[in-house]
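>>> sharing a sequence plus its predicted fold:
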Amino acid sequence: MKRAVVTGAAGFIGSHLCERLVAEGYSVTGVDAFTKYYDRADKLANLGALDGAPKFELVEDDLTRMDLAPVLADAPLVFHLAAQPGVAPSFGEGFARYTADNMLATQRVLEAAAAAKCPRVVWASSSSVYGDAAAYPCIEDETPTAPRSPYGVTKRACEDLAAIYGSDGLSTAGLRYFTVYGPRQRPDMAMRKLCEALIDGASFPLFGDGSASRDFTHVADAVDATFRAGLAERVAPIYNVGGGHEATMAEIVALLEELSGETAVIDRRPDRFGDVKRTCADTTLAQRDLGWQPSVGLREGLHSQLEWVRARRRGLSRTGRFARRSTAGAAPVRATA
Ligand SMILES: NC(=O)c1ccc[n+]([C@@H]2O[C@H](COP(=O)([O-])OP(=O)(O)OC[C@H]3O[C@@H](n4cnc5c(N)ncnc54)[C@H](O)[C@@H]3O)[C@@H](O)[C@H]2O)c1
């Protein structure tokens, strides 16, 4: 039987990955703590399409303290996406959450996966590990890592942790995702805020002068790379996963204005400390090893996100009716948020 465990299953990328795995014939156990970073209702809605799917079950528990052994007992493929994301909130008191949900959770997943002899752990790193690079595009083993935020530091530390378990025989693949967008994008992310502002006629807070650029990656492409990293016979420890569509925020505003037929009301704010000026991925390695190629164009991708936000605003999105089940033999389901 093909079986996989996905942590962060109720999140943006994790929920899409669960759907892909189920569609590919996997029995999937999703683990999620429903942390309070954003609404529980949003996360339940993310799981809407899996509601009642016989091959999906959800364990609601916290990776920083749950017993992972029962969930990993039959050595499934592990996709570890759970984390505390976001750059700005990683400064100040918020950092405690990042050390727990990123570093401690990852160490516990790696430890348990090694003990259970899981064939592979594919896990979510971030383009944030690069910081402001001296040259672009960033190449995995050539561009030095120099995170500019505490969030980036925790992801960098997770890469070191994965390397340690990797040197002891665990097969790991860390994916440096570059700004993932599309339906279900987290509510704290700029593109989601911009789509909502355009549809609601509200103002959009733009940090900096709009010239900062990101290598945007559609969630379908991010999920495809993640799935392929689980299946590939051999993997490198780290892959860039970038959509190949670098654009400035000013360009994104213009494109979304055109697609929505609305004019954005821009609330200009100063640059935020910790945000980098540019991201741009070299994806030669992922293309070579994983046979992966991003396929969703920026215009098409933005359209998919805008339509999702519109449908959600109209109340057409599926609601969070997801009924939690416990995995046979797994840690009991318990609410943590
Ligand atoms: N979205 C992006 O653009 C992006 C870019 C780079 C890296 N990443 C990484 O990809 C992964 C997924 O990101 P996302 O945007 O889907 O975020 P998300 O917040 O939507 O999903 C993360 C999920 O993890 C869960 N979680 C957090 N701590 C947990 C814990 N201790 N135990 C169990 N569950 C826990 C949360 O409840 C949430 O549902 C994260 O690791 C993130 O750092 C995302």
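Done, it's in.

>>> in the protein, where's the longest helix?
Counting residues, the longest helix found in the chain (DSSP state H) is helix 150-167.

>>> near the ligand at all, that one?
No. Using Cβ under 6 Å from any ligand atom, helix 150-167 stays clear of the ligand, with a minimum separation of 6.6 Å. To be clear about C-beta, it is placed using only N, CA and C from the backbone, and glycine gets the same treatment.

>>> around the ligand, which positions in the stretch 1-150 of the chain sit nearby?
Residues of the stretch 1-150 of the chain lying close to the ligand by Cβ under 6 Å from any ligand atom are 7-8, 10-14, 31-35, 37, 43, 62-64, 81-85, 101, 105, 124, 126.

>>> buried ones from these, can you make that a PyMOL selection?
Buried members of those, defined by 16 or more other Cβ atoms under 10 Å, are picked up in PyMOL with:
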select buried, resi 7+8+10+11+12+13+14+31+32+33+34+35+37+43+62+63+64+81+82+83+84+85+101+105+124+126
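
>>> in strands, which of the residues of the stretch 1-150 of the chain next to the ligand fall?
Thr7, Val31, Asp32, Ala124, Ser126 (DSSP state E).

>>> okay, and Leu285 sits in which element?
Taking DSSP states H and E as the criterion, the element that holds Leu285 is helix 284-290.

>>> buried residues, whichever helix or strand comes after that helix. List them.
Later in the chain than helix 284-290, the nearest helix or strand by DSSP H and E is helix 298-313. For helix 298-313, the neighbour count (16+ other Cβ under 10 Å) marks Leu298, Gly301, Leu302, Ser304, Gln305, Leu306, Trp308, Val309, Arg310, Arg312 as buried.

>>> so for helix 298-313, mean pLDDT?
Across helix 298-313, the average pLDDT comes to 96.

>>> distance from that helix to the middle of the chain?
18 Å (Cα atoms, centre = their mean, to the nearest Å).

>>> what about contact with the ligand: does it have any residue there?
No. Helix 298-313 stays clear of the ligand (Cβ under 6 Å from any ligand atom), getting no nearer than 12.2 Å.

>>> what residues does that helix touch?
With Cβ atoms under 8 Å, 6 or more residues apart in numbering as the contact definition, helix 298-313 has outside contacts at 181-185, 191-192, 195-196, 198-200, 216, 218, 243, 245, 247, 252, 255-256, 259-260, 296, 317.

>>> and that helix, C-alpha only, in CSV?
Presented in CSV, the C-alpha positions along helix 298-313 are these (Å, rounded to 0.1, in the frame of the first residue of the first chain):
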residue,chain,number,x,y,z
LEU,A,298,2.1,34.2,-13.8
ARG,A,299,-1.0,35.6,-15.5
GLU,A,300,-2.8,32.2,-15.4
GLY,A,301,-1.7,31.7,-11.8
LEU,A,302,-2.8,35.1,-10.6
HIS,A,303,-6.2,34.6,-12.3
SER,A,304,-6.6,31.3,-10.4
GLN,A,305,-5.9,33.1,-7.1
LEU,A,306,-8.2,36.0,-7.9
GLU,A,307,-11.0,33.7,-8.8
TRP,A,308,-10.5,31.8,-5.6
VAL,A,309,-10.7,34.9,-3.5
ARG,A,310,-13.7,36.1,-5.4
ALA,A,311,-15.5,32.7,-4.9
ARG,A,312,-14.6,32.8,-1.2
ARG,A,313,-16.0,36.3,-0.9
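
>>> pLDDT weak spots in this structure?
Filtered on pLDDT under 70, the chain yields the residue ranges 316-337.

>>> where does it get nearest to the ligand, residue-wise?
Residue nearest to the ligand within the chain: Gly11 (2.0 Å; Cβ to the nearest ligand atom).

>>> make sure Ala212 is actually in contact with Arg278.
Yes. With contact defined as Cβ atoms under 8 Å, Ala212 reaches Arg278; the gap is 6.8 Å.

>>> sticking with Ile266, tell me its helix or strand.
strand 265-269.
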